[in-house]
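In: Below is the structure, and that's it, no one-letter string:
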């Protein structure tokens, strides 16, 4: 992973959970309060900032400043307060984790936040950004591909797709495919 992570939390249990990431190659910086956390984020430009809502509440202005520094934001919501995590998401955080923090869950959330940060950087550089496709979009593309491959033969296309011919015909109608 070899990413730089800033943890802003006075909670030693959260720090312990984040400490497990060091074994995975993450460079870990830690601050105990919001003001020094923001200063450290702006100075060291971490890939991910894990921000404990107990330090300072995550809001749009904070997330915007952290994003401007290139960081993905992961909020730690107080125990039993999922509303704080949802507010953080609404304000632009990529993820939130509720207390008590499980080290494995935190590692997975950090990995996802790092991916979000990478895609945002690609988009900012003018590269192709990754836009997740829905299952329906993928299904439509596969059906089109199979039908083209079999010259429009629905029986063969259905067999290749592993669905019945009737299901294929229904999906052609649902996706308004004109082949």
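Out: The structure has been received and is ready for your questions. Computed from a predicted structure; not experimentally measured.
In: and residue 79, what element?
Out: Secondary structure here is read from DSSP states H and E; on that basis residue 79 sits in neither a helix nor a strand.
In: Run through the residues that contact it.
Out: Each residue near residue 79 by C-beta atoms under 8 Å, 6 or more residues apart in numbering is listed here: 98-100. Placement of C-beta: from N, CA and C, glycine included.
In: Pick the one among those residues closest to residue 177.
Out: residue 98 (43.1 Å; C-beta to C-beta).
In: May I have the phi/psi pair for that closest one?
Out: Recorded main-chain torsions at residue 98 are phi -90, psi 150, according to degrees, to the nearest 10.
In: circling back: out of the contacts of residue 79, who's the most crowded?
Out: residue 99 (20 neighbours; other C-beta atoms under 10 Å).
In: so who does that residue touch?
Out: By C-beta under 8 Å, 6+ apart, residue 99 lies in contact with 11, 13-14, 76-79.
In: and with 6 Å instead?
Out: The contact partners of residue 99, taken as C-beta atoms under 6 Å, 6 or more residues apart in numbering, are 78-79.
In: picking up where we left off before, need the contacts of residue 79 in TSV with distance to residue 112 and pLDDT, can you?
Out: Shown next, in TSV, are the contacts of residue 79 (distance: C-beta to C-beta, whole Å; pLDDT from 0 to 100):
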residue	distance to residue 112	pLDDT
98	15	88
99	19	89
100	20	90
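In: of those residues, closest to residue 152?
Out: The shortest gap between residue 152 and any of those belongs to residue 98, at 51.5 Å (C-beta to C-beta).
In: Show the pLDDT at residue 75.
Out: Each residue has a pLDDT score; the one for residue 75 is 90.
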